[in-house]
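> coordinates only, sequence not included:
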């Protein structure tokens, strides 16, 4: 779509000094590519840590009865698994991609605020060290679910709650700084000629996501602060005895929480909208409607929060309002799916690994969308709410949605980052193992959920035994499959593979393919001109 | 293609951040407003200082059930004197609850009201209620709590029964040796 | 495409009827929602199936188109890519059509939701109170109340015994309800948020501490219906089932009469106990069963607690100190912690027994015996 002429001769880059040597390079770096790499590795490590916790959960649930862990520890596992995957894996991974790709996609030399960029990454490991260390405190870590509903997280929580609150604050500050950086970069650093409606969709979706982050992360900070003061300083925000209301916690939490789920999926839409046209060899269908759909999803995400709370007891008209608004979200989301299909329609399709993951994304994310639509219908939500049906739903949108898009993005841009083609055989193995195991893992959760298995329980009645066994096997297989990915990425980072041309994929468009492979330490120090 | 200076933009974005942090806390009073409008949780029982002269709607009767919940521990026995009353909308009614304090010391308590269905709370007007203030219950005696209320005649037709629950919370926990764990 | 659709329908109807996917013992499908035993639950089930089939149909159309492209529009087949990238007509169409489908879904959904809100007078009102980790039921019209505790023995949970058919879905005292009567539930909680759920009634409502919530049902069929707490409420969230036994009206009335007689007898027994002393064996046996039912979830069967979360009794200053303080904390609980007040949950005999047990089990052997009258006296003199 964007034809460019690189005005600066490439040797201009060579005058810049390269990265510093050793560990100092990583600690003091202000280079967007280095920081992107740090974010991505951090997210991957957290993905494996959170995944290990999921393995503990699935091992305990492999058969009825209590075998491996105590219920109290089980609750810590479900809580910390959720927190790590949301705040430690998915969000930093998208921030990492933003760091790597946004400057290259808009023809900027770096992020707008490089020193803040360094800071926003480096506080993140401390947040998670604090969170993980809370597991070793006497009484254990947070055990109230990642949604930390009061009063379970206030009056009835353990002493590690302060650590949890502190960790969430740091994560929040990190995300906010990252988001501010993204917004400023996109506003101010676009190359000449890169008008708003010429921006790649990944940049657009991230732009909107960054605004969502700026708007809702402070609300989360407020919520955890209230939990902290309720627990330790005698306030009564959520305590009925002092005139507060525990249901209010849920309103505040989900006012953050619902936009949060779109924070985790909008950049994924951007990635899929980049990859599908490449391998369809056809421009994205309905670019502008994609932008408008993203914006309207972001807007609607602020007025649907109470659909997480239908069973808390709401007046009928409020239930109807939130049901209708929630159903409405499926319209722009549907537009996106239709656009992707229309992009593929009459294209010249080929199925490289990023495309395989993207197609899997479209199908499986849409399935998550269907179950989401079902959950929106208030009367039936009374039956689905807090069952494994919900667990199935959000894992379809977050694992086969967000995570698959991240994997697709990695397979798409990894050759550009490393300069070598990764092991395609291994990648295909990773794809098929993941695809099959993820469905064995999450699809039967719909069944046990409908049949009545509540979520967040360490033990279940024997009627659910067969399915849970299958689910656990799928879980172990999916966990192991990700080790293939780890091996593949390490291999590629060690430059084991065939060198790739600058434009790795023949159908690809965008500025990032105009720079050399591997991408030099500094790119676009002189802005390219977009016609 | 710099349209605004970085500093200016960052300042604006930080203003949003701090604004939203404040908004998080502003949600607390906003929630009360929201409850007043919708009757969520039946918390927003209307408090009126004097009886507004409303016509009594004798064409229908509403049943009001009383539920008492006691979170003060064993020392008190908290009960409504009558399990329910039937009133015409607009009609002033006085009822009483009793608290029997078996303990050797007086206790300070606070009653928290809740009405179901929630939107009915918007039509329940209290002119006098023990829940307006903290109450002291004398040692080893029975204290009577008074409640004076009327139902607004605009109460939706379909609501025929409403439940008024009071949860009694202790305000000061007397320190005993048992507390020192 | 029609053939595909009927194939999927056939597949689903197979899964529906197939017995390997259902558990006969608890009368539940293992694949789908239950239609349940109330008019509302049937409506909910129908709504669920309608929306499910609509989703399946949309899925077939969208994925069908996508897989058609995947199969026929391949580069390897020598296809040359078209270059279209927008069409206002098509884009408007696929915005409008979903809206129409949503309206079609919203109509029955709204109807069902409004049917669920029925503020008319009920025949029976039950106050359901959740507490960590058991349910308490109070029949407001009959002055009957009791706790309903998990009845599955811990040996089954620990895997020492074979698990029964109703593993984790059985209680000592089920909620007894009459059929064909409008029953209203008022939900509240003693501590954290719980959620009372019986799938067969399509009733799930949160029990919020300090507030009441309302739900209702009208059961059409006799039977035993099982559900669970649906909101994470702490350590033993997975171990607080709901069991409802629906009986005929006459049977229900008989049960009420029996229950009242039982209550009177228990009160008489309580009075009798005040005048006598129980033996150590009786106290310890009773105490152990009370301990396992009410205390061991937190303080653990071995009295060691969970460090940092729930205090140990072995080595505790209260257990080692004067019996009075020990009885007091059991009676009053400890405000602001998970320690509940048991004065109203347990009888004098049970409190005496459990305190005796705690002061003599796990090698503590203080030799002290607490009698019901001691507890009674303490309650009087506080």
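Happy to help now that I have it. From a predicted model like this one, the values you see are computed outputs, not experimental measurements. Residues are numbered from 1 along each chain as shown, chains lettered A, B, ... in the order given.
> does any bit of the helix or strand harbouring residue A:104 sit next to chain B?
The secondary structure element spanning residue A:104 is helix A:91-106 (assigned by DSSP states H and E). No: applying CB under 8 Å from any CB of the partner chain, one finds that helix A:91-106 is not in contact with chain B, the shortest distance being 8.9 Å. For the C-beta atoms, the positions are set from N, CA and C on the backbone; glycine is no exception.
> Toward the C-terminus, what is the element adjacent to that helix?
Taking DSSP H and E, what comes next after helix A:91-106 is helix A:114-133.
> so how far is that next one off the chain centroid?
17 Å (CA atoms, centre = their mean, to the nearest Å).
> what's in contact with that helix?
With CB atoms under 8 Å, 6 or more residues apart in numbering or on different chains as the test, helix A:114-133 has contacts from A:27-32, A:35, A:38-39, A:42, A:46, A:49, A:80, A:83-84, A:87-88, A:92, A:99, A:111, A:141-142, A:163-164, A:166-168, A:170-171, A:173-175, A:177-178, A:180-181.
> quick one: average pLDDT of the helix holding residue A:104?
For helix A:91-106, the per-residue pLDDT values average out at 96.
> Can you report how many residues lie near the spatially closest residue to residue A:199 that is not a sequence neighbour?
Spatially, and ignoring its direct neighbours in sequence, residue A:199 is nearest to residue A:106 (6.6 Å; CB to CB, 6 or more residues apart in numbering or on different chains). Using other CB atoms under 10 Å in any protein chain shown, residue A:106 is surrounded by 25 other residues.
> The one 10 residues further on too?
Neighbours of residue A:116 under the rule other CB under 10 Å: 17.
> Distance-wise, check it relative to residue A:184.
With the distance defined as CB to CB, to the nearest Å, residue A:116 ends up 9 Å from residue A:184.
> now residue B:26
When distances are taken as CB to CB, residue B:26 and residue A:184 turn out to be 27 Å apart.
> what's the answer for residue A:52, then?
If you measure residue A:52 against residue A:184 using CB to CB, the figure is 37 Å.
> Which one of those two is surrounded by more residues?
Neighbours per residue (other CB under 10 Å) separate residue A:52 from residue A:184, with residue A:184 holding more: 24 against 13.
> Next up, the contacts around the closest residue in space to that one that isn't next to it in sequence.
With sequence-adjacent residues excluded and distances taken as CB to CB, 6+ apart, residue A:184 is closest to residue A:112, at 4.0 Å. The contact partners of residue A:112, taken as CB under 8 Å, 6+ apart, are A:181, A:184-185, A:188-189, B:6.
> what does the stretch 151-300 of chain A put close to chain C?
A:151-152, A:155-156, A:158-159, A:239-241, A:245-247, A:280-289.
> Just give me the neighbour total for residue C:248.
One way to gauge burial is a neighbour count; for residue C:248, by other CB under 10 Å, it gives 12.
> Distance check, the most centrally placed residue in chain B against chain C.
The residue at the geometric middle of chain B, judged as the C-alpha nearest the mean C-alpha position with CA atoms, centre = their mean, is residue B:113 (3.2 Å). Remark: distance between residue B:113 and chain C (CB to the nearest CB, to the nearest Å) = 9 Å.
> Low-confidence stretches in chain B?
Using pLDDT under 70 as the threshold, the predicted model of chain B has low-confidence ranges B:1-3, B:40-47, B:49-54, B:73-76, B:172-181.
> Point me to the residue of it nearest chain A.
When distances are taken as CB to the nearest CB, chain B approaches chain A most closely through residue B:24, which lies 2.5 Å from it.
> Out of the contacts of helix A:114-133, name the ones that lie in helices.
Among the contacts of helix A:114-133, the ones falling in helices (DSSP state H) are A:27-28, A:32, A:35, A:38-39, A:42, A:46, A:49, A:80, A:83, A:92, A:99, A:163-164, A:166-168, A:170-171, A:173-175, A:177-178, A:180-181.
> Filter those down to the buried ones.
Burial of the ones in helices among the contacts of helix A:114-133 was assessed by neighbour count (16 or more other CB atoms under 10 Å in any protein chain shown); the buried members are A:32, A:35, A:38-39, A:42, A:46, A:49, A:80, A:83, A:92, A:99, A:163-164, A:166-168, A:170-171, A:173-175, A:177-178, A:180-181.
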